[in-house]
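> structure for this input, please:
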Amino acid sequence: MKDTGLRMLYFLNFCSMVVISYLCPTEPYTDECGNFGILWNCSGLNTDRLPEKIPQKLRNRYVTLDLSFNRFSTLTEKTFENLIRFSVVSSIIINHNKITNIENKTFHRLSGLCSLDLSSCELDKKGIEVEAFSCIHNLKYLRIDQNNFQSDGYPDVALSAFQSLSSLYIDIFNGFSFTAPFENLANLSELKFHIVNDFSLTNTSFLGLRRSKIHVLDLLFKKHVFCDVTEDLFCSFPYLTEEVTINFGGKCDITPALRSLKCFQHRNIGKIFMDDNTKDVETGIIVLDDWLSEYLINVCART
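Numbers count the residues shown, from 1 in each chain. You can find the predicted model right below:
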């Protein structure tokens, strides 16, 4: 009787995986890195595992795997092993899952992975083991925003493995800091933020990004940044030469934005936009005196 029950359980599990595989449509797709292949869309199936039956059309092709809006809670070395035997997985979309743990070497056989979306999960620093992202040498695009890093900070050592990373979308929050391990991200050129709560900008907030080749930066922090912005803010961005948008309004007038230009002195920058730095409640006319314009007059910008 017990053996019959176990066989029935295995049979039902097998049937469920066959159904899930059937519900994962495929279509031609070009990923963010320009790899033309197949999108395998397993989104929204209420599953916590990859289908065991791999469609024939995925074999020996670039594959974008969409596992968003499912029930994954832990990612391990075995999570993707069935697919990577047959395909080059170039992109994984696994946002909106309840992922709390990524084990060491989870992605170490995904050498062709170019894009990874881990946004809107439940990750924190302790849940991402330090070698979770080892051997992903070709990753260019990472979304890891809308997670739970505000308690212990970023998983800096784990993220330092992405030495080819060019685009990062990440949370900022009270007490955030890009620490020394981020200096490995020397190829980072695009930085986007999801704001969790109000925060200060200190001389160490972005210090770990000083080796990153960021030429364009949008600091759209209206209503969220406190007015004690460090004057050394842009010393952490020595490659910022094309365009910067500074929006510290809401809580602040234009004063913090102008005083943050200190490290732009005697540097050439294409465009600086500061057109929305007003307080929600005006306290009077701002006079552009010598102190406010001290750094601005020494900046060479086209706009």
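> could you use CA atoms for every contact and neighbour count after this?
OK.
> how far is stretch 163-182 from where the chain is centred?
8 Å (CA atoms, centre = their mean, to the nearest Å).
> now do the buried residues in it.
Across stretch 163-182, burial judged by 16 or more other CA atoms under 10 Å covers 163-174, 176-182.
> for stretch 291-303, same thing?
In terms of neighbour count (16+ other CA under 10 Å), stretch 291-303 has its buried residues at 292, 294-296, 299-301.
> can you show me the helices along this protein?
With DSSP state H as the criterion, the chain has helices at 2-22, 81-84, 156-159, 255-259.
> lowest average pLDDT across the ones you listed?
Confidence, taken as mean pLDDT, is least for helix 2-22 of the helices of the chain (a mean of 48).
> got the contact list for Leu67?
Contacts here follow CA atoms under 8 Å, 6 or more residues apart in numbering; on that basis Leu67 touches 41-44, 92-95.
> re the thing from before, can you add pLDDT and distance to Pro25 and give the buried residues of stretch 291-303 back as JSON lines?
Formatted as JSON lines, these follow (pLDDT from 0 to 100; distance: CA to CA, whole Å):
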{"residue": "Leu292", "pLDDT": "92", "distance to Pro25": "59"}
{"residue": "Glu294", "pLDDT": "94", "distance to Pro25": "60"}
{"residue": "Tyr295", "pLDDT": "94", "distance to Pro25": "57"}
{"residue": "Leu296", "pLDDT": "92", "distance to Pro25": "55"}
{"residue": "Val299", "pLDDT": "92", "distance to Pro25": "54"}
{"residue": "Cys300", "pLDDT": "87", "distance to Pro25": "53"}
{"residue": "Ala301", "pLDDT": "82", "distance to Pro25": "50"}
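> mind checking how far the nearest residue to Leu58 once chain neighbours are set aside is from Arg259?
Excluding its sequence neighbours, the residue lying closest to Leu58 (CA to CA, 6 or more residues apart in numbering) is Ser87, at 6.2 Å. Relative to Arg259, Ser87 is positioned 52 Å away (CA to CA, to the nearest Å).
> rewinding a little: which one of the buried residues of stretch 291-303 is nearest Ser68?
Set against Ser68, the nearest of the buried residues of stretch 291-303 by CA to CA is Ala301 (43.0 Å).
> returning to that earlier point: mind listing what the residue nearest to Leu58 touches?
Ser87 neighbours (CA under 8 Å, 6+ apart): 58-63.
> what do you get for Gly112?
Gly112 makes contact with 88-90, 136, 138-139 under the criterion CA under 8 Å, 6+ apart.
> highest neighbour count among those residues?
Of all these, Ser90 has the most neighbours under the rule other CA atoms under 10 Å, reaching 28 neighbours.
> tell me the pLDDT of the closest residue in space to that residue that isn't next to it in sequence.
Computed as CA to CA, 6+ apart, the closest residue to Ser90 that is not its neighbour in sequence is Leu113, at 4.1 Å. In this prediction, Leu113 carries a pLDDT score of 97.
> again, but for Gly208
Gly208 is given a pLDDT of 98.
> same check on Val196?
Val196 is assigned a predicted lDDT (pLDDT) of 98.
> how close does it get to Phe221?
11 Å.
> same check on Ile286?
As for Ile286, its distance to Phe221 is 20 Å (criterion: CA to CA).
> more neighbours, the two?
Phe221 (20 against 12).
> and that one, what does it touch?
195, 246-249.
> next, count neighbours for Asp289.
For Asp289, the neighbour count with other CA under 10 Å is 8.
> got the phi and psi for it?
Backbone torsions for Asp289, taken as degrees, to the nearest 10, come to phi -90, psi -170.
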